[in-house]
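Trainee: Here's my sequence, what's the structure:
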Amino acid sequence: MTAAIARRFEAARAVVADAARLAMSMRPPPGGPVGIQKSAQDWLTEADGAVEAFISQRMVTLFPEDGFQGEEGGMTRKGGLLWVVDPIDGTSNYARGRNRWCVSLGLLEDNKPVAGIVAAPALNETYTALIGHGAHLNGTKIQASPVKDTRSAMLEMGWSNRVPKDVFMDRIGAFLDLGAMPRSGGSGALALTDVACGRLDGYLEIVINLWDVAGALPILAEAGARVSPFLEEGGLEGGASILAVAPHIAEAVATASKMKLLP
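Mentor: Residues are numbered from 1 along each chain as shown. The predicted structure follows:
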């Protein structure tokens, strides 16, 4: 790991902390959703644009040669080092004043994840990872679940209006056939970090975007989770499927999910 990547990682941690405070200051009160509904269960709030713009401006000031891609603005700058941000992951939760949402920022070097920060300020939690230096939650090292029996497993599957109902029901049914307990929490990035720290034993999303997972991919890698080849199977260009799973049940869950895993 180069000094340049390490320096960027430390700077990004401070930027995300400030962005998380901005998001908290703009969070709607508990109640019905506040924002614009783009499609079924797909929300946009004022904070999404404000937080992304804040991070973009800070990063271009600090590292003007780096690329930048956000959920709201798309690819606004190109570079061998690429920052990818989801300003509010879990917007449907955020829009109702709930706690399960986060600010996610990942760094890719030549399309390979090298650093990630996922901050959930309403939960007082920040996940971080620098490739080769471990994954951490609030500074404490984390690792994927040691569960070896799928009948003890807790698995989450994200829902999207881009996924046919029969596909969703097939995969959930396969999880139930494994004896696993299904969950759905409304934030892909936090579901992935839950796998990294062992709160979940697996997470499947049939269609998800790079900005949803870029911050979590280094965290998963450093925590010892098994992950599907998301980037290699279209994740850099558009929506793709992802599976992240605890190592000892990885093959069984991958088979049930009809997914491949990286070695």
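Trainee: Looks like M157 contacts E205 (just checking).
Mentor: Yes - using Cβ atoms under 8 Å as the test, M157 is close enough to E205 to be in contact (7.1 Å). C-beta coordinates here come from the backbone N, C-alpha and C atoms, glycine included.
Trainee: So for those two, which residue has more residues nearby?
Mentor: E205 (24 against 21; other Cβ atoms under 10 Å).
Trainee: Would you double-check that the more buried one falls in a helix?
Mentor: No - counting by DSSP: H, G, I helix; E, B strand; the rest coil, one finds E205 to be strand, located in no helix.
Trainee: Give me the neighbour count for the closest residue to it other than its chain neighbours.
Mentor: Distances taken as Cβ to Cβ, 6 or more residues apart in numbering place G158 nearest to E205, at 3.9 Å, with adjacent residues excluded. The burial count assigned to G158 is 21, neighbours taken as other Cβ under 10 Å.
Trainee: Ok, T150 next?
Mentor: T150, neighbours per other Cβ under 10 Å, totals 20.
Trainee: list the contacts for the residue nearest the centre of the chain?
Mentor: Geometric centre of the chain, nearest residue: A189, 2.2 Å, by Cα atoms, centre = their mean. Neighbour list for A189: D86, D89, G90, C102, S104, V118, D212, V213, G215, A216 [criterion: Cβ atoms under 8 Å, 6 or more residues apart in numbering].
Trainee: So which of those residues are in helices?
Mentor: Judged by DSSP state H, helices contain the following of those: D212, V213, A216.
Trainee: Switch those over to a markdown table; also include pLDDT.
Mentor: Output for the ones in helices among the contacts of A189, formatted as a markdown table (pLDDT from 0 to 100):
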| residue | pLDDT |
| --- | --- |
| D212 | 97 |
| V213 | 98 |
| A216 | 98 |
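Trainee: Could you save these as TSV and add columns showing distance to D201 and neighbour count?
Mentor: Output for the ones in helices among the contacts of A189, formatted as TSV (distance: Cβ to Cβ, whole Å; neighbours: other Cβ atoms under 10 Å):
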residue	distance to D201	neighbour count
D212	20	25
V213	18	29
A216	16	36
